[in-house]
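Asker: Would you be able to build a 3D model of this:
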Amino acid sequence: MVSPDKNSRRDDADTPIGNGGDIEKARADLPKEDLGALGMESILEVDVDQFLGTLVADYRSACQALLLEYQENIGPMRVLKPVVRSGTLPSGAEFSVHGFGCRFTQPDGTIVEWEKGIDGRTDMIEPHRLADFAESKGISQFASPDYNLRLLQKAVELGKAEAGNSGLQNNVFFLA
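Answerer: Numbers count the residues shown, from 1 in each chain. Predicted coordinates:
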């Protein structure tokens, strides 16, 4: 059985996400060292649904809203030759265009790091960007890039996501 990485913050069940439920209560009531008693595979399956249904959905929604605001106020998002490299949007979100992406920091401190795929796709999901997003929102359960990678890999196994490698980008995923 695979146990959670000791540096992973995913077992900090005190931060509720979504609508909560009996699994979170059961997990919270277990001593941290006994998380394996539930079986890592079952934890991954439960967390995949929660992860995709809340964190990933919130992240994608934030990306879409910020990109739309950028385009409406600055112009097309051209990552290699941006019209404006950094600044503040009317909502108060600060942005910084880099490489193939853009980092947005919302007024509440939420970090939304967006990357355009080499193949032109804009709906990529990357474990480390989701971890930054989760951590900036105070959701410690999904603040580990390693755990998010395992969740995304499990989502692929369950047919809920697709894995993709696009040029130099590894560990990128797309919702199925």
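Asker: Quick one: the strands in the chain, in order.
Answerer: 86-88, 94-98, 101-105, 111-115, 161-166, 169-175 (DSSP state E).
Asker: Which neighbouring elements make contact with the last one?
Answerer: In other words, strand 169-175. helix 145-157, strand 161-166 (3 or more Cβ pairs under 8 Å, 6 or more residues apart in numbering; DSSP states H and E). To be clear about C-beta, it is placed using only N, CA and C from the backbone, and glycine gets the same treatment.
Asker: Which positions within the longest one qualify as buried?
Answerer: Across helix 145-157, burial judged by 16 or more other Cβ atoms under 10 Å covers 145, 147-156.
Asker: For it, C-alpha coordinates in PDB please.
Answerer: Extracted in PDB, the C-alpha atoms of helix 145-157 (Å, rounded to 0.1, in the frame of the first residue of the first chain):
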ATOM      1  CA  PRO A 145       2.000  19.100  -6.100                       C
ATOM      2  CA  ASP A 146       2.900  15.400  -5.600                       C
ATOM      3  CA  TYR A 147      -0.500  14.500  -4.100                       C
ATOM      4  CA  ASN A 148      -2.200  16.500  -6.900                       C
ATOM      5  CA  LEU A 149      -0.200  14.600  -9.500                       C
ATOM      6  CA  ARG A 150      -1.400  11.300  -7.900                       C
ATOM      7  CA  LEU A 151      -5.000  12.500  -8.000                       C
ATOM      8  CA  LEU A 152      -4.700  13.500 -11.600                       C
ATOM      9  CA  GLN A 153      -3.100  10.200 -12.500                       C
ATOM     10  CA  LYS A 154      -6.000   8.400 -10.600                       C
ATOM     11  CA  ALA A 155      -8.500  10.600 -12.500                       C
ATOM     12  CA  VAL A 156      -6.900   9.300 -15.800                       C
ATOM     13  CA  GLU A 157      -7.300   5.700 -14.600                       C
END
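Asker: heads up, I number from 359, so please use that
Answerer: Yes, from this point I'll number from 359; that puts the last item at helix 503-515.
Asker: For the longest helix seen in the chain, list every residue counted as buried.
Answerer: In terms of residue count, the longest helix belonging to the chain (DSSP state H) is helix 415-431. In terms of neighbour count (16+ other Cβ under 10 Å), helix 415-431 has its buried residues at 416-417, 420-421, 424-425, 427-428.
Asker: With pLDDT and distance to residue 522 as new columns, can those residues be given to me in CSV?
Answerer: Output for the buried residues of helix 415-431, formatted as CSV (pLDDT from 0 to 100; distance: Cβ to Cβ, whole Å):
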residue, pLDDT, distance to residue 522
416, 94, 22
417, 94, 17
420, 94, 21
421, 92, 17
424, 93, 23
425, 90, 20
427, 94, 27
428, 91, 24
